[in-house]
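[1] generate coordinates for the sequence data below:
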Amino acid sequence: MAISGGLDSAALVCFTRATCPDLSLHLLHLYSSSVPVADERSKAIAVAEKAGLTIAFLDIDPHTYTNDLGCQFESISFTPTKSFLTLGLTHAMRRKFSDSGISELLSGDGGDQLFLRFRTPSLIKELVAEGGRSGRYVRHLADYAALNSESFWTISWDYLTGQTAARISNLYTARTPSVPFLNGAFCPIAGDAVVSGSTRPWRSESRKFQFFGLRDSELNDCDIAGVPVRERKPFLYWPLIKYCMSLRRSLHTHEGRDRALERAAFREFLPDVVYCSEAKGGADDPRNRFDHAQLADALLDGELVRRGLLEKDQLRNVENQAIRTDEACVLARATTIESWLNRVRARQHHLNENSGSSPSAGR
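    Coordinates of the predicted model:
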């Protein structure tokens, strides 16, 4: 199992070890010596000691995959992978496991959504609505402000205006792309990310976060060429999903801290340093990971531009310092799709040559 040092993977390791002591578990922690702010090795070691397991470490510089993103490691499939931001890292991790003779990989993917890592002012309205006493919101606002190092008045203003709630809702229901180099005329977001996702009668933003996030975790997988390691995600267990989504929101938070249900359920299995932690280290922001100008330059003569899905003039204006997170993600996503198209086209050309058919036969 790959362990990050966060709450989800730690709970999975320690609980599995306690309930299945005869199961052979191997731990691997990925870190980057070039990004000390994101170093979680001390927490990973604490988890390994608590579970009585040995742990291996793999030093990976995320900036190694700044241009090609590791697209060459992906197996050819019917659709391009959703794990486009971590292909290179996924390859390195799975290769490490495969070389050790391991074929099954446990993942804590989906834990954030299942146990509601949703620390936003919009959740406070849901808590107040459940509690039935409007005065309770003051305590919730104060707890939230303290844990997030924000002023009470800043959080209160966000709570009253609903700015954060609107921004989160827009992530799931927006129909028009706001990224400048996406051609809105030819590339509208016309379909739901999840079937009937935007038309469901959602009761709250937090349940919407759970629904879309868990569905995304289910789809977020890829096959690495030449590495026969299968990933399993125990948190994506339907009875558990139904249970956690149906619970009162107040059971997911306690004194301003998120994932209260997960912390309480696995308290006896977790080391204190993980149980009391609020978040993992940073350095995961796509804005800081890639050479965006070079990614954009490589897309200029690609198939997506030729088909009018990307704006060529806007791609030329991409600058590393001014790029937004959503723009960085679109660039990375477009790069992996472009690579996928090229590899599928090359594969089809090879098959056509071997079968003696014309190039147009496989279109």
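[2] contacts and neighbour counts: CA atoms only from here.
    Fine.
[3] which residues of this structure fall in strands?
    Along the chain, counting by DSSP state E, strands occupy 27-31, 55-59, 104-106, 230-232.
[4] out of those strands, which one sits most buried?
    Neighbour counts (mean count of other C-alpha atoms under 10 Å) averaged over each of those peak at strand 27-31, with a mean of 20.
[5] what's that one in contact with?
    For strand 27-31, contacts defined as C-alpha atoms under 8 Å, 6 or more residues apart in numbering pick out 1-5, 38-41, 44, 48, 53-61, 93.
[6] which of those are buried?
    In these, burial by neighbour count holds for 1-5, 39-41, 44, 48, 53, 55, 57, 60, 93, counting by 16 or more other C-alpha atoms under 10 Å.
[7] just the ones of these in helices?
    Judged by DSSP state H, the buried ones among the contacts of strand 27-31 include 41, 44, 48, 93 as members of helices.
[8] give me the most central residue, the chain.
    Using C-alpha atoms, centre = their mean, the residue of the chain that lies closest to the mean C-alpha position is residue 217, 7.4 Å off.
[9] next one, pLDDT for that one please.
    At residue 217, the predicted lDDT confidence score is 82.
[10] correct me, but it touches residue 109?
    Yes - using C-alpha atoms under 8 Å, residue 217 is in contact with residue 109, at 6.2 Å.
[11] which pair in the ones in helices among the buried ones among the contacts of strand 27-31 spans the largest distance?
    Farthest-apart pair in those is 48 and 93; separation 17.7 Å (C-alpha to C-alpha).
[12] give me every residue that touches the residue nearest to residue 207 when sequence neighbours are not counted.
    Spatial nearest neighbour of residue 207, chain neighbours left out: residue 245 (6.5 Å); criterion: C-alpha to C-alpha, 6 or more residues apart in numbering. By C-alpha under 8 Å, 6+ apart, the contact set of residue 245 is 114, 207, 210.
[13] dump those residues to a markdown table, plus pLDDT and neighbour count.
    A markdown table is the format used below for these (pLDDT from 0 to 100; neighbours: other C-alpha atoms under 10 Å):
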| residue | pLDDT | neighbour count |
| --- | --- | --- |
| 114 | 91 | 28 |
| 207 | 85 | 19 |
| 210 | 87 | 23 |
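[14] ok, now how distant is the residue nearest to the centre of the chain from residue 46?
    According to C-alpha to C-alpha, to the nearest Å, residue 217 stands 27 Å off from residue 46.
[15] again with residue 328
    34 Å.
[16] more neighbours: which of the two?
    Shown here are residue 328 and residue 46; by other C-alpha atoms under 10 Å, residue 328 has more neighbours (24 against 18).
[17] low-confidence ranges, the stretch 51-200 of the chain, go.
    Low-confidence segments of the stretch 51-200 of the chain (pLDDT under 70): 62-68, 77-84, 119-120, 131-137, 147, 168-179, 181-200.
[18] what segments of it are helices?
    87-99, 111-114, 121-131, 136-147, 152-161, 163-173 (DSSP state H, counting those that start in this stretch).
[19] contacts for the third one, please.
    Just to be clear, that refers to helix 121-131. Outside helix 121-131, the residues touching it (C-alpha under 8 Å, 6+ apart) are 134, 136-137, 140-141, 144, 155-156, 158-159, 162, 164-165, 204-206, 248-250.
[20] by how many degrees do that helix and helix 136-147 diverge?
    Helix 121-131 and helix 136-147 are oriented at 150 degrees to each other (axes from the mean of the first three to the mean of the last three C-alpha atoms, to 10 degrees).
[21] return the distance of helix 121-131 from the chain's centre.
    Relative to the chain's own centre, helix 121-131 is displaced by 25 Å; criterion: C-alpha atoms, centre = their mean, to the nearest Å.
[22] all helices for the stretch 251-363 of the chain, in order.
    Counting by DSSP H, counting those that start in this stretch, the helices of the stretch 251-363 of the chain are 260-265, 272-275, 292-299, 303-306, 312-316, 325-355.
[23] buried residues, the last one. List them.
    Right, helix 325-355. 327-329, 331-341, 343-344, 348-349, 352.
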